[in-house]
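K.L.:
Could you work out the structure for the sequence below:
(one chain, ligands or ions: 2)
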Amino acid sequence: MRATDIPNDVREVLITEEEIQAKLAEIARRIEADYAECEPLLIGVLKGAVMVVSDLSRELTIPLKMDWMAVSSYGSGTESSGVVRILKDLDTDLTGRHVLIVEDIIDSGLTLSWLKQNLESRGPASVEICTLLRKPERLKSDVPVRYVGFDVPNEFVVGYGLDYDEQYRHLRDIIVLQPHVYGGE
Ligand code: XMP
Ligand code: MG
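P.N.:
Ligands and ions are numbered 1, 2, ... in the order given. Reported below is the predicted structural model:
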């Protein structure tokens, strides 16, 4: 589905499908160079990172493995508490592995900061982070992020894996919704 298929729901197309794919190709070239000597384990954080992992991994021309984790990042409301619960853990032993966490969006960064520490405690050789989107205004954690696709303004965005009430994940572009979608004017 494209933004043009749902004109009434779209306030603004923030990042087009073409821009996303071009950026993922750029990031893939950097990952290929950085992991030329060692096979990375891509860890996708469900559910939002599904599209990023799918497209990024298929753009990569080096051997890699893939695994998935699901965590609950929000306590109450829309503010991340930094208190995280693992809903689905990895199937892979991380001992000696070069781990690359792949995220859809970093908001406060508290979820990711917790996740990085958790994975580091499992004996990997390295843990790096790749995110398609980052909201710099909201960052509350200084966890280093090696690969960042786009910095976005502090607005709720959907599409390309990101949802509102589980909708819009299959949208190819990243958009800001019209307020009426949330029940506003
Ligand atoms: P923190 O604050 O811990 O949380 O970095 C990151 C998680 O918050 C969700 N999130 C969003 N989801 N549109 C979304 O669909 C957004 O604009 C947005 N901002 C934050 C998301 O689940 C992310 O993993
Ligand atoms: Mg969500």
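K.L.:
contacts and neighbour counts: CA atoms only from here.
P.N.:
Fine.
K.L.:
and Gly149, which of the three is it?
P.N.:
Using DSSP: H, G, I helix; E, B strand; the rest coil, the structure places Gly149 in strand.
K.L.:
All further residue positions should be reported with the first residue as 12.
P.N.:
I'll keep to 12 as the first residue from here, and by that count the last item is Gly160.
K.L.:
Residue numbers of the protein in contact with ligand 1?
P.N.:
With C-alpha under 6 Å from any ligand atom as the criterion, the chain meets ligand 1 at residues 84, 91, 116-122, 166-169, 173-175.
K.L.:
who touches Asn19 in this structure?
P.N.:
The contact partners of Asn19, by C-alpha atoms under 8 Å, 6 or more residues apart in numbering, come to Gln189.
K.L.:
and it, helix, strand or coil?
P.N.:
Per three-state DSSP, the secondary structure class of Asn19 is helix.
K.L.:
From the residues of the chain next to ligand 1, which land in strands?
P.N.:
When those are checked against strands using DSSP state E, the ones located there are Ser84, Ser91, Ile116, Ile117, Val168, Val169.
K.L.:
how many other residues sit next to the fifth one?
P.N.:
Read it as Val168. Here the count is done by other C-alpha atoms under 10 Å, and Val168 has 21 residues near it.
K.L.:
Run through the bridge partners of it.
P.N.:
Val187 (DSSP bridges).
K.L.:
Break down this protein into its strands, ranges please.
P.N.:
21-26, 51-57, 76-85, 91-99, 109-117, 137-145, 158-162, 168-169, 185-188.
K.L.:
who's in contact with the longest one?
P.N.:
This points to strand 76-85. Contacts of strand 76-85 with the rest of the structure, by C-alpha under 8 Å, 6+ apart, involve 50-58, 91-103, 122.
K.L.:
and the angle for the lowest-mean-pLDDT helix or strand in the chain with strand 76-85?
P.N.:
Here the helix or strand of the chain ranked lowest by mean pLDDT, DSSP states H and E is strand 91-99, holding a mean of 84. For strand 91-99 against strand 76-85, the angle between stretch directions is 130 degrees (axes from the mean of the first three to the mean of the last three C-alpha atoms, to 10 degrees).
K.L.:
Nice, that's everything, thank you.
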